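Task: produce atomic coordinates for the following.
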Amino acid sequence: MPVDPSAIATWANLVTVARVLIAPLVFWMIPEDPSGSWPAFVLWFVLCSSDGIDGYLARRHGVTTFGTFLDPLADKVLVLGAMFTLVSRDVFWVVPVVVIAAREITISLYRTFVGAKGVSVPATRLAKQKTVVQQLAVGFAILPLTALDAAWLWKGLLWLSVALALISGFQYLWGAQRAKRALVYTDVDPLGRESV
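Purely as a prediction, here's the structure:
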């Protein structure tokens, strides 16, 4: 049965809220030493997988305005929280994490700004791929099998996520400029008079 788009209490939103509330536990479980942790990895895997569950529930029962806002926010809380925790543990270098954080803040502010004007900015396929690569970078950095013995793997994924973050960020901004130009052209007739 489809849900009201203005509804807040939906199964999809419940899963998303649970991800946000449980996220601090996984940050706390990331060990001080760089050797990784099985419990932290398992919980990280569950939280990342739940992103697909709330997406499935939203597609099946209907997308809500609250869910559209909360789901990307939950992804950012989860990924950036884990990344900055790994920075504090001297696992991740701070520079790529700051670049990723700056991109996320910029695009979130942009979405909020245009959203207030009634413009929807759905996530692009590349942005979704970026989130998955970020989750993999964190996952392999805390997985005991790869944390030390395959550091090249999660370091490579971290830098790949930086590249995807920048490219997808430019995609959003480029799309905004094209949409703005299209709006200007549709508001002016060939004689230069503004349409009503």
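
use CA for all of it now, contacts and neighbours both
Noted.

Check what pLDDT M29 gets.
With respect to pLDDT, M29 scores 96.

Also T68?
pLDDT at T68 comes out at 77.

Look up phi and psi at it.
phi -60, psi -40 (degrees, to the nearest 10).

Tell me how many other residues surround it.
17 (other C-alpha atoms under 10 Å).

Just the CA trace of stretch 123-132, in PDB.
The C-alpha coordinates for stretch 123-132 follow below in PDB (Å, rounded to 0.1, in the frame of the first residue of the first chain):
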ATOM      1  CA  ALA A 123      21.400  11.600  -6.500                       C
ATOM      2  CA  THR A 124      23.300  10.700  -9.700                       C
ATOM      3  CA  ARG A 125      24.500   7.200 -10.500                       C
ATOM      4  CA  LEU A 126      28.100   8.400 -10.100                       C
ATOM      5  CA  ALA A 127      27.300   9.900  -6.600                       C
ATOM      6  CA  LYS A 128      25.800   6.500  -5.600                       C
ATOM      7  CA  GLN A 129      28.900   4.700  -6.800                       C
ATOM      8  CA  LYS A 130      31.100   7.200  -4.900                       C
ATOM      9  CA  THR A 131      29.200   6.300  -1.700                       C
ATOM     10  CA  VAL A 132      29.800   2.600  -2.200                       C
END
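
From the rest of the structure, what touches that stretch?
Outside stretch 123-132, the residues within contact range by C-alpha atoms under 8 Å, 6 or more residues apart in numbering are 75, 79, 161, 164-165, 168.

Among those, the buried ones, what's the PyMOL command?
In PyMOL syntax, the buried subset of the contacts of stretch 123-132 is picked out as below (16 or more other C-alpha atoms under 10 Å):
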select buried, resi 75+79+161+164+165+168
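
give the contact list for Y172.
So Y172 contacts I107 (C-alpha under 8 Å, 6+ apart).

what comes up buried for whatever helix or strand F113 lives in?
In this assignment (DSSP states H and E), F113 forms part of helix 94-115. Residues 96-98, 100-101, 103-104, 107, 110-112 are the ones in helix 94-115 that count as buried (16+ other C-alpha under 10 Å).

Adding pLDDT and distance to V132, write those residues out as a markdown table.
Output for the buried residues of helix 94-115, formatted as a markdown table (pLDDT from 0 to 100; distance: C-alpha to C-alpha, whole Å):
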| residue | pLDDT | distance to V132 |
| --- | --- | --- |
| P96 | 98 | 16 |
| V97 | 98 | 15 |
| V98 | 98 | 18 |
| I100 | 97 | 13 |
| A101 | 97 | 15 |
| R103 | 94 | 16 |
| E104 | 92 | 14 |
| I107 | 87 | 17 |
| Y110 | 83 | 22 |
| R111 | 77 | 20 |
| T112 | 78 | 23 |
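
nearest to S88, of the residues you listed?
For the buried residues of helix 94-115, the minimum distance to S88 (C-alpha to C-alpha) is 11.3 Å, reached by V97.
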